[in-house]
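Asker: Here is my input, please return the structure:
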Amino acid sequence: MLVRLCQVDKYAVSNAELAWHGTNIFTVMPEVFVSDESELKGRTVEELWNEEMMTITSKDGKYKAQLEALIAIDMEDTNDPNWKMFPSVEKLKWFNGDYEMNLKVMDWPQSYLLIYKSKVIYNEDTRKYVGDVSFTMTGFVSLDRNKFYDFGVLNKVADVYQNKPFDSSIRILPKKGWTPDELHGLEISLQTPSNSGYKNQNILKIYPPKN
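Answerer: Model prediction:
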């Protein structure tokens, strides 16, 4: 009974965080998003998430889009109510650059799935700005890149797809096998969908404590 109550409390906190910040990553993945005290300066790590940067406007002002939410799920938590936002995990694959490897998400249960929901507010140049706003997570450095690319070992953040690469707005991050980039930190950012006048802006940038 106590375990069940703790789960309910965790989900309530996760939903509150999602409503307040537009993400629940700090509740679901607290061991991942940890910042050095010199970066926090008396703040909590959640306060480093910049909601204003969840909306991006192109340099020429002709395109504007918004990251509405970034939702994380611990794949080992089968009771999380946010599972309803994700496709059936049995149908999901992750991409390491080799489509023929057919890498199954369900083979890596000790991982986090993150789905991002975005919308275009306006697009006044549909020839230049094609598609949705881009979303990236950087700084999750593989401890062995050869294993990731040559042998299909999930040891850093990767794109998730259903039928073909890049057909979904989902990322997967394993709990082990990677290390944060000590020089550049961990970043979550948005980019305009354009090769001309490209714009990037960070929603979150943190420097995890050095071991």
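
Asker: what about residue 129, is that helix, strand or coil?
Answerer: Using DSSP: H, G, I helix; E, B strand; the rest coil, the secondary structure recorded for residue 129 is coil.

Asker: let me redo that: residue 83
Answerer: Following three-state DSSP, we place residue 83 in the helix state.

Asker: I'd like to know how far it sits from residue 23.
Answerer: Taking Cβ to Cβ, to the nearest Å as the measure, residue 83 falls 17 Å from residue 23. For every residue, glycine as well, the C-beta is placed using N, CA and C.

Asker: ok, now residue 197?
Answerer: Using Cβ to Cβ, residue 197 is found at 27 Å from residue 23.

Asker: the more surrounded of these two?
Answerer: A side-by-side neighbour count of residue 197 and residue 23, using other Cβ atoms under 10 Å, places residue 23 first with 26 against 14.

Asker: Report the contact partners of the more buried one.
Answerer: 17, 49, 69, 70, 71, 72 (Cβ atoms under 8 Å, 6 or more residues apart in numbering).

Asker: if I pick residue 83, what's in contact with it?
Answerer: Taking Cβ under 8 Å, 6+ apart, one finds residue 73 in contact with residue 83.

Asker: if we can go back for a sec, strands - which of the contacts of residue 23 land there?
Answerer: Under the assignment DSSP state E, the contacts of residue 23 contribute 69, 70, 71, 72 to strands.

Asker: Need the max-distance pair from these.
Answerer: By the measure Cβ to Cβ, 69 and 72 form the most distant pair in the ones in strands among the contacts of residue 23, at 10.3 Å.
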